[in-house]
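>>> Pasting the sequence and the predicted coordinates here, then a few questions.
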Amino acid sequence: MSKVRVLVVDDSALMRKLIPQMLESDPMIEVVGTAMDGNFCLKKIEELQPNVITLDLQMPAMNGIDTLKEIMRRHPLPVIVVSSHSTEGASVTLKALGLGAFDFVAKPRDATTQMAETARELIAKIKAAAGGKVVRPGSLPGVLERPEKISAAKSGPPPSKLVAIGISTGGPQALEFLLAQLPPDFPGAIVVVQHMPEGFTEMFARRLDEISSLRVKEARSGDLLEAGRVLICPGSRHMKVKRMTRGDVVVLNEDARVNGHRPSVDVLFQSVAEEFGPQAVAALMTGMGDDGAEGLGAVKKAGGVTIAQSEASCVVFGMPKAAIERGYATRVVALDVLSVTLQALCSRSDRRGADGGAGKAVRAGL
């Protein structure tokens with residue numbers, strides 16, 4: 001295999017030195033150049049023909065967002081944003097993901113203790129980007145107007161099913177698309193683990209709440225699982241579900257990482273299997289790695305419905321592929337029909353329960 005050619009774009013001379021140092025430990029990555037702002041970046045793309053770009057968003061002259069727009073217009077390449085942990089940094093990073101950035105890595109708060117971890121994450125995402133897809137702005141239908149919501153009813157019926165979603169690279173755009181398609185009277189409760197660091201998930205949940213008819217919020221321990229409500233696991237926490245007499249809730253913890261992740265999809269799916277069994281629907285969507293595959297198997301074994309997103313509709317097929325290859329997905333569903341599938345499975349008129357404890361995967365929308 002040829003090396004992945006990387007262009008590093010950052011106005012900080014220190015970061016233009018540190019990022020190449022992080023990447024040089026991997027023999028399959030070659031930093032072909034650096035650029036101090038967007039104008040230099042666009043010129044060097046022409047000269048150096050990189051496969052992947054790392055991009056700082058807070059730069060003088062042409063900032064990162066404007067640079068990203070030009071990259072997507074002129075040279076649609078995978079771009080990994082290198083973002084600050086600040087509120088402003090989180091906001092502009094989510095905007096960049098909506099404009100076609102492949103993924104992001106948060107700059108280490110402490111260069112002495114977090115550099116090795118950041119380097120591993122950046123290397124993995126660069127390799128995934130080199131083999132993944134570029135999702136250009138507008139390739140998924142957007143939201144035309146602010147959706148109508150239904151207020152939570154104090155004495156409304158309990159959720160018909162619990163829908164658990166695990167997702168990673170490519171997730172923000174895919175979740176925006178999926179949730180925007182679900183109606184305000186969706187009868188299921190939804191819990192989501194999106195691989196995303198602390199400081200980003202709250203703003204991400206707010207963004208999803210703005211574009212969706214459902215009620216979306218970052219989860220807190222004790223939050224009730226309610227019909228038409230979506231709970232997003234906070235970064236750097238694990239999320240489990242628990243059935244209680246006063247109502248079913250989510251519980252957060254700070255246990256050790258699982259599969260290198262906190263939050264981990266496997267942690268959520270395992271608890272969903274234990275607590276909800278046949279009343280669960282688990283969906284493993286776009287993302288790198290295999291987090292969630294074994295958890296999906298647990299949901300299947302417990303009698304729940306298990307879904308893997310189709311390869312053609314994934315930005316990165318890693319997580320769904322791992323589950324499919326292990327025989328844990330009873331349905332393989334394309335992103336554009338996933339909302340219809342969830343509505344059918346969660347319909348209060350559907351009393352059949354789980355449909356797929358065994359057998360081959362059913363494919364939809366391929």
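It's in.

>>> In contact with S347, which residues are there?
S160, P187 (Cβ atoms under 8 Å, 6 or more residues apart in numbering). The way it works is simple: take the backbone N, C-alpha and C, and place the C-beta from them, glycine included.

>>> What about it? Give its phi and psi, please.
phi -60, psi 140 (degrees, to the nearest 10).

>>> For it, give me the pLDDT.
We note a pLDDT of 93 for S347 in this prediction.

>>> any idea how far S271 is from it?
25 Å (Cβ to Cβ, to the nearest Å).

>>> just P27 next, same as before
Taken as Cβ to Cβ, the span from P27 to S271 is 40 Å.

>>> quick one, which of the two is more surrounded?
Per other Cβ atoms under 10 Å, whichever of P27 and S271 has more neighbours is S271, with 21 against 7.

>>> chain center to the strand or helix carrying V250: distance?
Take DSSP states H and E as the rule and V250 turns out to sit in strand 249-253. With Cα atoms, centre = their mean, to the nearest Å as the basis, strand 249-253 stands 20 Å off its chain's centre.

>>> and S2, how many neighbours?
8.

>>> gap between it and E176?
For S2, the distance to E176 equals 34 Å [Cβ to Cβ].

>>> Any stretches of the stretch 251-366 of the chain with poor pLDDT?
For the stretch 251-366 of the chain, the stretches with pLDDT under 70 are 350-362, 365-366.

>>> which stretches of it form helices?
For the stretch 251-366 of the chain, the helices defined by DSSP state H, counting those that start in this stretch occupy 265-276, 293-301, 318-325, 335-346.

>>> Indicate which one of those is closest to V249.
Nearest of those to V249, taken as Cβ to Cβ: helix 265-276 at 10.2 Å.

>>> show me where the stretch 151-300 of the chain has strands.
Per DSSP state E, counting those that start in this stretch, the stretch 151-300 of the chain carries strands over the ranges 162-167, 189-194, 215-218, 229-232, 238-242, 249-253, 280-284.

>>> Quick one: list the elements packing against the last one.
In other words, strand 280-284. Contacts defined by 3 or more Cβ pairs under 8 Å, 6 or more residues apart in numbering; DSSP states H and E place strand 280-284 against strand 162-167, helix 265-276, helix 293-301, strand 305-309, helix 318-325, helix 335-346.

>>> strand partners of that strand, parallel vs antiparallel please.
Strand 280-284 has the following strand partners under DSSP bridges: strand 162-167 (parallel), strand 305-309 (parallel).

>>> sorry, back to before: for the helices and strands packed on strand 280-284, which one ends up most surrounded?
Compared across those, strand 305-309 shows the largest average neighbour count, a mean of 29 (mean count of other Cβ atoms under 10 Å).

>>> chain center to stretch 260-271: distance?
With Cα atoms, centre = their mean, you get 13 Å for stretch 260-271.

>>> what do you get for stretch 93-103?
How far stretch 93-103 lies from its chain's middle: 12 Å, per Cα atoms, centre = their mean.

>>> quick one: contacts of it?
If you take Cβ under 8 Å, 6+ apart as the criterion, stretch 93-103 is touched by 52, 55, 57, 64-65, 68-69, 72, 76, 78-81, 83, 104, 125, 128-129, 132, 134-137, 169-170, 172-173, 176, 200, 203-204, 207, 315.

>>> Now list the buried members of those.
For the contacts of stretch 93-103, a neighbour count by 16 or more other Cβ atoms under 10 Å gives the buried set as 52, 55, 57, 64-65, 68-69, 72, 78-81, 83, 104, 125, 128-129, 132, 134-135, 169-170, 172-173, 176, 200, 203-204, 207, 315.

>>> quick revisit: dump the helices and strands packed on strand 280-284 to TSV, plus distance to M196.
As requested, these are exported to TSV (distance: least, Cβ to Cβ, whole Å):
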stretch	distance to M196
strand 162-167	10
helix 265-276	12
helix 293-301	18
strand 305-309	18
helix 318-325	14
helix 335-346	19
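
>>> nearest to V6, of those?
Nearest of the helices and strands packed on strand 280-284 to V6, taken as Cβ to Cβ: helix 318-325 at 20.1 Å.

>>> okay, the angle between the closest one and strand 305-309?
130 degrees (axes from the mean of the first three to the mean of the last three Cα atoms, to 10 degrees).

>>> just to revisit the earlier point, in strands only, show me the buried ones among the contacts of stretch 93-103.
V52, L55, V79, I80, V81, S83, F104 (DSSP state E).

>>> Run through the residues that contact the second one.
Put plainly, it is L55. Taking Cβ under 8 Å, 6+ apart, one finds V9, D10, C41, G64, T67, L68, V79, I80, V81, V82, A96, A101 in contact with L55.
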